[in-house]
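Chemist: Sequence unavailable; structure follows:
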């Protein structure tokens, strides 16, 4: 099955073009609701509050989830994505900013772990005085060849599967470092190689691969040495196959350092919560007992001081002055 996977450079943009109309709906799924609530909270406390960047580039912006967050706190934001339809939807949303910014910034999911994030966002918006907020600008562009001069931005944001879907991921990292001002910051999220889903995938492969859709041979490719290196696998996603690169914390830390980016902090998202297989959480309605367990695990995960193995690796890095 994996033989039909599209090369990321040609297939990913087409794939996301096809799902652009439904893309915003993923935030209603427990898996993504927790991911976005966690990422946006980390962005606020570790980027916006201490650094207050004035110029921001959002690489792989999609429909603008993080772009609008930075813009609401006064930054001038440019979002770029390879999918023209994603960019088109982001531009439509920008026309409603800041008039409808509560709808653009809050997460439209009913889960209890989302409420604290939505509450403090709403409190901030309620307390903001009259200011000239600038809507983000959105462009279709290739992350491997960013159309900006050296040292243009105070901050670069890159969340989602951008690095995982581009085989030349080192080129993407180098481009982000190039356009970042000296002393500027990077907020990076990438797909993790070592996580609970790896164990669930292996167990599923032994049972015939019905839920994760991966064969035993494909699963073994994810655990072969060297253990700190990234691995690229053919990954089933929404009735399609994509080549996905999975990273390790040590490997990405090394790559960032070689590009002159000093890692300040790092976390994982979906570490403890991944005790529940991710496909179970990729739907709006899940059994009450599983949702209760997920909420307990999310509460602990948010407060644990260790960066455990997890599905999403998250870094705050700074370009060396």
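Modeler: Right, received. Where do you want to start? Everything numeric here is computed off the predicted structure, so don't read it as measured data.

Chemist: Quick one: the helices in the stretch 51-200 of the chain, in order.
Modeler: Remark: helices assigned in the stretch 51-200 of the chain by DSSP state H, counting those that start in this stretch are 65-72, 84-94, 101-105, 115-127, 162-165, 169-179, 196-206.

Chemist: any idea which of these is most buried?
Modeler: Comparing those by mean neighbour count (mean count of other Cβ atoms under 10 Å), helix 65-72 ranks first with a mean of 26. Where C-beta positions appear, they are placed from N, C-alpha and C, glycine not excepted.

Chemist: gap between residue 211 and residue 320?
Modeler: 44 Å (Cβ to Cβ, to the nearest Å).

Chemist: out of these two, which sits in the busier spot?
Modeler: Applying other Cβ atoms under 10 Å to residue 211 and residue 320 shows that residue 211 carries more neighbours, namely 16 against 12.

Chemist: Quick check, pLDDT for that one.
Modeler: With respect to pLDDT, residue 211 has a value of 78.

Chemist: Give me the secondary structure label for residue 292.
Modeler: helix (DSSP: H, G, I helix; E, B strand; the rest coil).

Chemist: Can you give me every residue that contacts it?
Modeler: For residue 292, the contact set (Cβ atoms under 8 Å, 6 or more residues apart in numbering) is empty.

Chemist: Who are the contact partners of the closest residue to residue 137 other than its chain neighbours?
Modeler: Nearest in space to residue 137, with sequence neighbours left out and distances taken as Cβ to Cβ, 6 or more residues apart in numbering, is residue 78 at 5.0 Å. Contacts for residue 78 (Cβ under 8 Å, 6+ apart) come out as 56, 57, 58, 136, 137, 138, 139, 148.

Chemist: Would you mind listing which of those residues are buried?
Modeler: The neighbour count (16 or more other Cβ atoms under 10 Å) marks 56, 57, 58, 136, 138 as buried among these.

Chemist: Make TSV out of those and add distance to residue 155 and pLDDT.
Modeler: Compiled in TSV, those are given as follows (distance: Cβ to Cβ, whole Å; pLDDT from 0 to 100):
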residue	distance to residue 155	pLDDT
56	5	98
57	7	98
58	9	98
136	13	97
138	17	98
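
Chemist: sec struct for residue 306, please.
Modeler: Three-state call for residue 306 (three-state DSSP): coil.

Chemist: Correction: the previous question concerned residue 233.
Modeler: strand.

Chemist: pretty sure it is in contact with residue 220, am I right?
Modeler: No: contact criterion Cβ atoms under 8 Å: residue 233 and residue 220 do not qualify, at 10.3 Å.

Chemist: quick one: which of the two has more around it?
Modeler: Neighbours per residue, other Cβ under 10 Å: of residue 233 and residue 220, the larger number sits with residue 233, 21 against 12.

Chemist: low-confidence ranges in the stretch 51-200 of the chain?
Modeler: In the predicted model, the stretch 51-200 of the chain carries pLDDT under 70 at residues 129-132.

Chemist: What residues are bridge-paired with residue 261?
Modeler: Applying DSSP bridges to residue 261 gives these bridge partners: residue 319.

Chemist: dump the residue contacts of it.
Modeler: By Cβ under 8 Å, 6+ apart, the residues touching residue 261 are 173, 177, 180, 186, 317, 318, 319, 320.

Chemist: picking that back up, go through the buried ones among the contacts of residue 78 and flag which are in strands.
Modeler: Among those, the members found in strands (DSSP state E) are 56, 57, 58, 138.

Chemist: which SS class is the nearest residue to residue 193 once chain neighbours are set aside?
Modeler: Distances taken as Cβ to Cβ, 6+ apart put residue 246 closest to residue 193, at 3.9 Å, once the chain neighbours are dropped. Secondary structure state of residue 246, per three-state DSSP, is strand.

Chemist: Run a quick neighbour tally on residue 246.
Modeler: 21.
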